[in-house]
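> return atomic coordinates for the entry below.
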Amino acid sequence: MAHFLSPRWVVACAVLLFSTNVFAMSAVLGVDLGTEYIKAALVKPGIPLEIVLTKDSRRKETSAVAFKPASNAPKAGSYPERLYGSDAMAVAARFPSDVYPNLKTLLGLPVDDASVQEYLARHPALQLEPHKLRNTAAFKSKTFAEEEDAWMVEELLAMELQSIQRNAEALAGPDTSIRSVVITVPPFYTIEEKRAVQTAAELVGLKVLSLISDGLAVGLNFATSRQFPVINEGGKPEHHMVFDMGAGSTSATVMKFQGRSVKDVGKFNKTIQEVQVLGSGWDRSLGGDSFNYLIVDDMISKFVGTPAAKKVSATTESVRGHGKAIAKLLKDAEKVRHVLSANQETQTSFEGLYEDVDFRYKITRADFEALAQEHAARVGAAVQKALEVAELDISQLDSIILHGGASRTPFVQKALEKIAGADKLRSNVNSDEAAVFGAAFRGAEISPSFRVKEIRISDGSNYPAGMKWTDVQGKTKQQRLWTERSLLGAAPKEITLNNLEDFSVQFYQQVPTADGTVDKDTKAVTTKNLTASVAQLKTTNGCADADIHLKLNVRLATEDGEVDVAKISVECEAEEAEKEGSVMDGVKNLFGFGKKDQQPLGDGEENATSSESSSTTESTTASTDTATTSAVESESSTTSETTSTASSAEAAEASPGPKKKQLVVIPVEYVVEKAGVPALPKADSAKSKDRIKAFEASDKARRLREDTLNQLEGFTYKIRDLLESDSFIAASTDKERAALEKKASAASDWLYEDGADALRDELKAKLKELKDSVAPVEKRIKETQERPDLVKALRSSLEQTATFIDTIKQKIAEAEAFKSSASASATSTESSSTITEAPSSASGDFDGLEDDDFTRSTTTTASENVGPVPPLYTVGDLKEITELSESTLKWLDEKLAKQAKLPENADPVLLAKDIAEKTKKLEKAGMDLAMKAVNNFDPKGKKKSNSKKSTKTKKKSAKTKTDSANPEHTIDLKDDAGYIKFGGDGKQPTSEELEEMIRKLTKEREEKEEKQHTRDEL
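Numbering: from 1, shown residues only. Coordinates of the predicted model:
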């Protein structure tokens, strides 16, 4: 076990962990979690801020998930088909009890909350079931077995996030896993609602890097393309408001935008941008959905007044409680509202709306604005609240930035113009995608994998918050620590308490309600060793109770606004004696920095010290030359001095030094627990994750089965086309076509009967059976099409090989003939050479510097014809490729003869793969032969002769001698001739270079033969 904990193993694990985290952080997803739509943007190396498209190539996905009931009764452990987005809303009229839209309004709220009750009234077909532990919303579905637990809102939202995650991974490319995400939330979300969003993300394996408010996300996107005045250079900050009206709510966020010059690396400064939230206001129920409900209510009132509806006794309550009717009305109400934003009137019709009664509806923009008068009056409330918290006036705003689909409603913009004037309204950001781009930019900023423009953001707490505890007298105390405009991530606050025993502190968030405000507990902190630490201060340091103080350092976390306990400690000021002769004092004395009250030595003391030092030196010298007795005496003297010195040191320590007050701090251990809505226990969380994984596996199996079913159905149609194809008829027999037609017809009939519910393995078996029947005929067609070109290529290779072999054999014969003639003329050439002694030169100062006393002049008579180029191969080298070429040619002729006797619908004997293999084998043999020549080639011969020639040039008389009897077989690769050089860089030549070399050698041989022929004729 020891080697597992070795330093090398620990370092390897650390590197692996770091690399894993880096890869996990290399792709970040920004999600704009809207009430009606979910939008996502991906940030990945090579993909900067790109919108994630749905499977239908849309830039936003409807926030809905649906369970499509199966045709038969649900079974335990089985899962129905899931639908997302627009596909889910498309079946809302058919299955209203299994479609779950706009879940954002239910997160983190108890079932008795007004928002939950309003949601149920608008979706009467849904079956609400409170969670047993948390009392939050959960829904029971009849598409599952009765024993299946209800689905929590967090689980349903997790499914939607998982769908977005899969689309993002498809955009990011293969082998990319996305685990990091930044999600937008409304500014009015409480801690419990934010925790619900985080829980939903964690259920599908997503890590929430940060939550960011909608307004701040839009402001961040606004700041990415702008520069603001630098405040520490005299500039004034800009103030902008983001007015965001979506489907479910309305919010207004006032922000301050400014630049700041800060210290950069070295002596340089840099300018950064800052975006700070000053205040927010909101209306939780004012948005596009509330406008839709106005139209729905008007539709119902007009429908029940029609004669046809009265005949079936339709009432307002009965229609509102009819799930399918409400689903149809809601779907068309949104379309009507969108049309009225650009037109003065519109109409729609319903077939069989309620009890098979048809209904036609018509409305004008004036009628719609009359219905929405109260809603228009609520627009200004959010704006005024934001300005009040920010302590600003409307005139101090530089602009109001519009965001959200409902902000384009005409009467909403009119209401804003009355408040701020038309000149302040701006549409300078993408009203649909600014928030998601801001969230993605925030993710890239947090991730270490990206480097972006430095923009420092500060979100607001939006709710007052504080702490409660019981003091030493047993009284309950309460203290507000943060206000509505406090900033997340600001410096920690230090709170001083007088509690001396272990106790608990409850942190709360003050949330407004219809009846006032309520303090919702968010976190509890309990100390563990406070009592023991106080006792230690009393006994060890002598601290009194009145002098002991407990310090808490707390702040609001930047990521989610949760209370973050930085440190808890207990401290007191105690008097402690200052120690004499400490290590620091010794170091100071060593370098001459002793205590200031130390007195300098007098003249007499200095002389005494000098005399003592001299005496000690003389004693030491003498003891070296004396006997053992002197050494013993010296040792006794030293021992007595040491004892005396130790006694003096003990006396000095015993004397008490001056006392000084010092702060004694002891860290206090503590436990932090979440308060409010209970968190999911680990067992329940694991169960939810397993359910979602099983659902995902079921969906994947269903998709694979549907793909196989489509392939089988498509293959039956393909067989019908093949049976009518001329090429297929020519390559098949009548018996084969009849059997194939019978199988295809049986498979087609089976598909529309029992095959509709068959398992994937059964479908694959049917598909394989049909493919096996078609494969032989298709193989014949393919062989017939490919064979001519392959045969042509093989013959071409055989011809080139034969030409190459003949050329090399001819060069070998020419070289042998030239070698024989050169050997015969060697004797006469040697006898013609003469050596003469050169006359002696005049004597001078440089006499005797030559190596030899005389210089020989050698004249060699050589033949003008240097002979043919030496071959690179021997006859033995050509044996293997010659035999292979001959056997391949023989095999090809035999197979072609057999193939020619077969009919077109018979299985071929000459296969394309065999021809390709033979061609490849022949080409490989040629390449091996070429490489063998390269390995045998010695390019050093010419270099050596050049070196000798340059050396002899330096002498006054040159001696040249050619030994024709032993010629070196080298190739003169001349630069000006364009020959290929190889071997110089240590690399083998390519096949193209070898072919070029052989071509040039062949050309040289032909030129020499032509010259020789011309010379013979002359």
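
> those helices in the stretch 301-450 of the chain, which residues are they?
Assigned by DSSP state H, counting those that start in this stretch, the stretch 301-450 of the chain shows helices spanning 307-311, 316-320, 323-340, 365-371, 373-377, 379-390, 410-420, 434-446.

> who are the packing partners of the last one?
When contacts are defined as 3 or more Cβ pairs under 8 Å, 6 or more residues apart in numbering; DSSP states H and E, helix 434-446 packs onto strand 28-33, strand 37-44, strand 47-51, strand 180-185, strand 207-213, helix 214-223, strand 455-458. Yep, even glycine has a C-beta here, placed from its N, CA and C like the rest.

> one more time with 7 Å, if that's ok
On a contact count with 3 or more Cβ pairs under 7 Å, 6 or more residues apart in numbering; DSSP states H and E, helix 434-446 meets strand 28-33, strand 37-44, strand 47-51, strand 180-185, strand 207-213, helix 214-223.

> quick one: average pLDDT of that helix?
Mean pLDDT, computed over helix 434-446, is 96.

> could you pull out the helices for the stretch 601-750 of the chain?
603-625, 628-654, 682-723, 726-730, 734-751.

> output the host helix or strand of residue 508 as PDB, restricted to C-alpha atoms.
Under the criterion of DSSP states H and E, residue 508 resides in strand 504-513. Written as PDB, here are the backbone C-alpha positions of strand 504-513 (Å, rounded to 0.1, in the frame of the first residue of the first chain):
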ATOM      1  CA  SER A 504     -26.600  28.500  16.800                       C
ATOM      2  CA  VAL A 505     -27.200  31.500  14.500                       C
ATOM      3  CA  GLN A 506     -30.000  31.600  12.000                       C
ATOM      4  CA  PHE A 507     -29.700  33.700   8.800                       C
ATOM      5  CA  TYR A 508     -32.800  34.800   7.100                       C
ATOM      6  CA  GLN A 509     -34.100  36.600   4.100                       C
ATOM      7  CA  GLN A 510     -36.900  39.200   4.400                       C
ATOM      8  CA  VAL A 511     -39.400  38.500   1.600                       C
ATOM      9  CA  PRO A 512     -42.400  40.700   0.900                       C
ATOM     10  CA  THR A 513     -45.900  39.100   0.800                       C
END
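
> now do the buried residues in that strand.
The neighbour-count check on strand 504-513 (16 or more other Cβ atoms under 10 Å) flags 505, 506, 507, 508, 509, 510, 511 as buried.

> give me the low-pLDDT residue ranges for the stretch 801-950 of the chain?
Within the stretch 801-950 of the chain, the stretches with pLDDT under 70 are 825-867, 869, 935-950.

> do the same with the chain
1-25, 576-659, 825-867, 869, 935-999, 1001-1002, 1005-1006, 1009, 1011-1018.

> mind running it again at 80?
1-26, 71-74, 77, 267, 575-660, 756, 822-873, 932-1018 (pLDDT under 80).

> tell me where the longest helix sits in it.
helix 760-824 (DSSP state H).

> off-centre distance for that one?
48 Å (Cα atoms, centre = their mean, to the nearest Å).

> sorry, back to before: Throw the helices of the stretch 301-450 of the chain into CSV and include mean neighbour count and distance to residue 663, thanks.
Shown next, in CSV, are these (neighbours: other Cβ atoms under 10 Å; distance: least, Cβ to Cβ, whole Å):
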stretch, mean neighbour count, distance to residue 663
helix 307-311, 13, 82
helix 316-320, 15, 69
helix 323-340, 20, 66
helix 365-371, 15, 68
helix 373-377, 13, 59
helix 379-390, 20, 39
helix 410-420, 17, 54
helix 434-446, 27, 37
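
> related to what we said a few turns ago, and the buried residues of strand 504-513 as TSV, adding distance to residue 708?
Shown next, in TSV, are the buried residues of strand 504-513 (distance: Cβ to Cβ, whole Å):
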residue	distance to residue 708
505	61
506	58
507	56
508	57
509	54
510	59
511	54
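
> ok, which of the helices of the stretch 301-450 of the chain comes nearest residue 259?
helix 434-446 (17.0 Å; Cβ to Cβ).

> now the helices for the stretch 451-600 of the chain?
530-541, 583-590.

> what's the closest of the helices and strands packed on helix 434-446 to residue 232?
helix 214-223 (17.9 Å).

> CA atoms only for the following helix or strand past the closest one, dumped as CSV, please.
Counting by DSSP H and E, the next helix or strand C-terminal to helix 214-223 is strand 238-245. Provided in CSV are the C-alpha atoms of strand 238-245 (Å, rounded to 0.1, in the frame of the first residue of the first chain):
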residue,chain,number,x,y,z
GLU,A,238,-23.5,56.1,-17.0
HIS,A,239,-26.9,54.9,-15.5
HIS,A,240,-29.1,52.6,-17.6
MET,A,241,-32.2,50.6,-16.8
VAL,A,242,-33.0,47.2,-18.3
PHE,A,243,-36.8,46.8,-18.5
ASP,A,244,-37.4,43.0,-19.0
MET,A,245,-41.0,41.8,-19.7
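
> any residues touching strand 238-245, and which ones?
214-215, 218-219, 228, 251-257, 287, 383, 386, 392, 396-404, 406-407, 412, 416 (Cβ atoms under 7 Å, 6 or more residues apart in numbering).

> please apply the same query to stretch 291-310.
If you take Cβ under 7 Å, 6+ apart as the criterion, stretch 291-310 is touched by 122, 314-316, 319-320, 329-330, 333-334, 336-337, 353-354, 357, 359, 361, 363, 371-372, 375, 406, 409.
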